[in-house]
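Engineer: Just the structure for this:
(one chain, ligands or ions: 1)
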Amino acid sequence: MEQNLTDKEVYNKNFASFYNYVLTEQAREYGKYILNYAKDNLKGNSVVDYMCGTGNLLRIFEKENWTTTGVDLSDDMLNIAKLQLSKTKLLTKDVTLEEKELKNCFNLAVSTADAVNHLSSIKDIENFFYNVFSSLKLNGFFMFDMNTELGARANCSYITLSTKDYISVREGFYDDVHKMGYTRFQGAYRKNKSDNYVRYDSIIYNYIYPISQIVDILQDVGFEIVCLKDGYSDKVYNKDRTKRVLFICEKRK
Ligand SMILES: C[S@@+](CC[C@H](N)C(=O)[O-])C[C@H]1O[C@@H](n2cnc3c(N)ncnc32)[C@H](O)[C@@H]1O
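Structural biologist: Residues are numbered from 1 along each chain as shown. Prediction:
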């Protein structure tokens, strides 16, 4: 198999702009859900968004006067986030590397839109969860979502979209042997309302892990599982139905 590109290369300049243009509805929807949950269930108002991408979720928290921090390894995604955010501290970091700067800082940590499925090994996920745990204050919450195998299979579709401003072709493929989803996005979008179009072509990799294994790692790291939900809804996680799991965890000691 060819060597996969790293996310630093995948979320490149052209794809980052397309992502922000077309693929951020989820971040906004999930941000509103998480904000409401946080208002009802936790104290304090500092939030970190790990693998924050172009920062659309953080905008929602900025508007509510939370203290906001975003972390991502792609400079191209963060450069767009910088334009959209005014008070947020943005850090270029790989979330799987040992973290010394962010200790006991936040009441809430989030990671959305299957960002955790971008981590390519269980070791990387463990390292990430340790970093999240140590960055939270006592009674801080960690809320993140992951695609399940059902979700990855459901993404195996071919979709074309076109408006006067862009054309997008999306092809999904699930590799059963390696438990990996591939989604290729290609097309072109109009630059600054001119007649010039910018081409993009990127493949996003989604690594699928058993949900029970993720729960075990969270508990080993020290988290209490508050609940697992069937997506951003009121329903609980169901092994036979859930395509995307929302994990809600707390640091209680
Ligand atoms: C699907 S996007 C999600 C962005 C954002 N959370 C949202 O809801 O729109 C995944 C993001 O994870 C970032 N990423 C992937 N691996 C990473 C890593 N090891 N460390 C930091 N960021 C990473 C990518 O650069 C990309 O911006």
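Engineer: Would you mind listing where this structure has pLDDT under the threshold?
Structural biologist: Along the chain, the model assigns pLDDT under 70 to residues 1-6, 8.
Engineer: let's go with 50 and repeat that
Structural biologist: 1-2 (pLDDT under 50).
Engineer: what about the closest residue to the ligand within the chain, is that helix, strand or coil?
Structural biologist: Closest residue of the chain to the ligand, CB to the nearest ligand atom: Gly53 (2.6 Å). Bear in mind the C-beta positions are built from the backbone N, C-alpha and C, glycine included. Assigned with DSSP: H, G, I helix; E, B strand; the rest coil, Gly53 falls in the coil class.
Engineer: Pull the number of nearby residues for it.
Structural biologist: Residues contacting Gly53 under the criterion other CB atoms under 10 Å number 25.
Engineer: Give me the nearest residue to it, chain neighbours excluded.
Structural biologist: What sits nearest to Gly53 in space, not counting adjacent residues and going by CB to CB, 6 or more residues apart in numbering, is Met77, at 4.8 Å.
Engineer: Reduced to three states, what does Ser134 come out as?
Structural biologist: Looking at Ser134 with three-state DSSP, the answer is helix.
Engineer: Ignore what I typed, I meant Tyr209.
Structural biologist: The three-state label given to Tyr209 by three-state DSSP is coil.
Engineer: Give me the neighbour count for it.
Structural biologist: Quick note: Tyr209 (other CB under 10 Å) scores 19 neighbours.
Engineer: ok, it - contacts?
Structural biologist: For Tyr209, the contact set (CB atoms under 8 Å, 6 or more residues apart in numbering) comprises Asn117, Ile122, Ile125, Met146, Lys179.
Engineer: is it true that Met51 touches Ser111?
Structural biologist: Yes. The criterion here is CB atoms under 8 Å, and Met51 meets it with Ser111 at 5.4 Å.
Engineer: check contacts around the nearest residue to Ser120 once chain neighbours are set aside.
Structural biologist: Nearest residue to Ser120 in three dimensions, chain neighbours excluded: Tyr207, at 5.4 Å (CB to CB, 6+ apart). Residues counted as contacts of Tyr207 (CB under 8 Å, 6+ apart) are Asn117, His118, Leu119, Ser120, Ser121, Lys179, Met180.
Engineer: quick revisit: give me the phi and psi for the residue nearest to Gly53.
Structural biologist: Met77 adopts backbone torsions of phi -70, psi -40, taken as degrees, to the nearest 10.
Engineer: and Gln219, what helix or strand is that in?
Structural biologist: Using DSSP states H and E, Gln219 sits in helix 211-221.
Engineer: residues in the stretch 51-200 of the chain within reach of the ligand, list them.
Structural biologist: Proximity of the stretch 51-200 of the chain to the ligand (CB under 6 Å from any ligand atom) is limited to residues 51-53, 56-57, 72-74, 77, 94-96, 112-113, 115, 118.
Engineer: out of these, which are buried?
Structural biologist: 51-53, 56-57, 72-74, 77, 94-96, 112-113, 115, 118 (16 or more other CB atoms under 10 Å).
Engineer: Give me the subset of those that lies in helices.
Structural biologist: Asn56, Leu57, Met77 (DSSP state H).
Engineer: Which one of those is nearest to Glu101?
Structural biologist: Closest to Glu101 out of these is Met77 (19.6 Å), distances taken as CB to CB.
Engineer: Tell me, how many residues neighbour the residue nearest to Lys93 when sequence neighbours are not counted?
Structural biologist: Leaving aside its chain neighbours, Lys93 sits nearest to Val71 (5.2 Å; criterion: CB to CB, 6+ apart). Using other CB under 10 Å, Val71 has 24 neighbouring residues.
Engineer: All set, thanks.
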